[in-house]
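**Q** What follows is a predicted protein model with its sequence.
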Amino acid sequence: MIDSPVWQPTASRDALKSRAQQLAYVRGFFCERDVLEVETPVLGRHGVTDLNLDGIPANVRAAGVHGGWLQTSPEYPMKRLLVAGSGCIYQIARVFRNGERGSRHNPEFSMLEWYRVAMDDQALMSEVADLVCGWLGCERPVQLSYRQAVFENAGFDPMETSDNDLKGYCEQWLEPEQLSDLSRNDCLDLVMSFAVEPTLGFDRPVFITRYPAAQAALARVSQEQGHQVAHRFELYINGLELCNGYWELTDPEEQRQRFETDNQQRRLAGKPEMALDSAFMAALDVGLPDCSGVALGLDRLLMLKVGAKTIEEVLAFPIERA
């Protein structure tokens, strides 16, 4: 006898109702600020080069296109809209990341992404706080630099410590032979994941800011106390990372170089290189306006609202029941 598939949703009706209320709140929030809602493709011709993101390929055969990717973020097409003169925009998107499943991850999830023209990272953090704290009814976040967060929780300066000392610190989680092939950034990610993130945002929400320049991704960088730091921020509440934002890099040549560096790192990690998104790069060549952008996990925001311990409590059907 064949077992019947589990068909029931994992989210309660109350959680589904709270999700609907959250979507209405988000749309009202941006309507009041005259930020335009847009839609961009969920299925695109290109993936991303980011070493830490694995896309899900699609077998597309249409109009001369062969292959494609479910998008990990709507960032590139949204920036193309910015170049085309859209002004400030936001999107509530379904996005996909391969291999991500756990108490806080599902391969398909809901992302709120928005871009504010002529706004820097400090101003955008204030708007993120308006949205999140308005919905959750919590205290406004404090700011803590990446450097200070690591020092307070791990006891060393991440900007100054040697690679050998950093790997020695990480031996509490991995064997030396496992660490031998890891980069400095890999080791810093371990420190953040195991020593820092679990402590963040319990007294009150906290923005982690001014990441090392090597972790800038698509953010611009500047000099601070003798070190290059990224204009990047992440928001943590109760140990949960909620969003990732940038004062956006607008230099197309610098962006090309970062993508090439990404692909070098992918080769070293045994991952396939990713072709650059030619349409995105062409738009950058025309000129991305001065802007800041942020991506916020709506499922995680809902988890905080309803007090859920796992993401499936706020999803109708996680991957196992999809």
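**A** Right, received. Where do you want to start? Residues are numbered from 1 along each chain as shown.
**Q** Q225: neighbour count?
**A** 9 (other Cβ atoms under 10 Å). For every residue, glycine as well, the C-beta is placed using N, CA and C.
**Q** Okay, buried residues for stretch 51-70 please.
**A** Of all the residues in stretch 51-70, those buried under the rule 16 or more other Cβ atoms under 10 Å are 51, 53-56, 68-70.
**Q** Mind listing what's buried along stretch 130-139?
**A** Residues of stretch 130-139 classed as buried by neighbour count (16+ other Cβ under 10 Å): 131-132, 135, 138.
**Q** how about JSON lines for the buried residues of stretch 51-70, with distance to D262 added?
**A** Output for the buried residues of stretch 51-70, formatted as JSON lines (distance: Cβ to Cβ, whole Å):
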{"residue": "L51", "distance to D262": "6"}
{"residue": "L53", "distance to D262": "10"}
{"residue": "D54", "distance to D262": "13"}
{"residue": "G55", "distance to D262": "13"}
{"residue": "I56", "distance to D262": "18"}
{"residue": "G68", "distance to D262": "20"}
{"residue": "W69", "distance to D262": "15"}
{"residue": "L70", "distance to D262": "19"}
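**Q** and the gap between the residue nearest to the spatial centre of the chain and V48?
**A** Taking Cα atoms, centre = their mean as the criterion, N244 is the residue nearest the geometric centre of the chain, at 4.6 Å. Taking Cβ to Cβ, to the nearest Å as the measure, N244 and V48 are separated by 13 Å.
**Q** With D277 instead?
**A** D277 is 8 Å from V48, by Cβ to Cβ.
**Q** if I look at the two, which residues touch both of them?
**A** Y76 (Cβ atoms under 8 Å, 6 or more residues apart in numbering).
**Q** Buried residues, the longest helix out of those in the chain. List them.
**A** The helix that spans the most residues within the chain, counting by DSSP state H, is helix 13-32. Using 16+ other Cβ under 10 Å as the test for burial, helix 13-32 gives 15, 18-19, 22, 26, 29-30.
**Q** Quick check: of the residues you listed, which lies closest to P176?
**A** A15 (44.6 Å; Cβ to Cβ).
**Q** Surely the closest one and D299 touch.
**A** No - between A15 and D299 there is no contact under Cβ atoms under 8 Å: 10.4 Å.
**Q** residues shared between the contacts of those two?
**A** The overlap between the contact sets of A15 and D299 (Cβ under 8 Å, 6+ apart) consists of V314.
**Q** Widest-spaced pair of the buried residues of stretch 51-70?
**A** Going by Cβ to Cβ, the pair spanning the buried residues of stretch 51-70 furthest: L51 and G68, at 20.9 Å.
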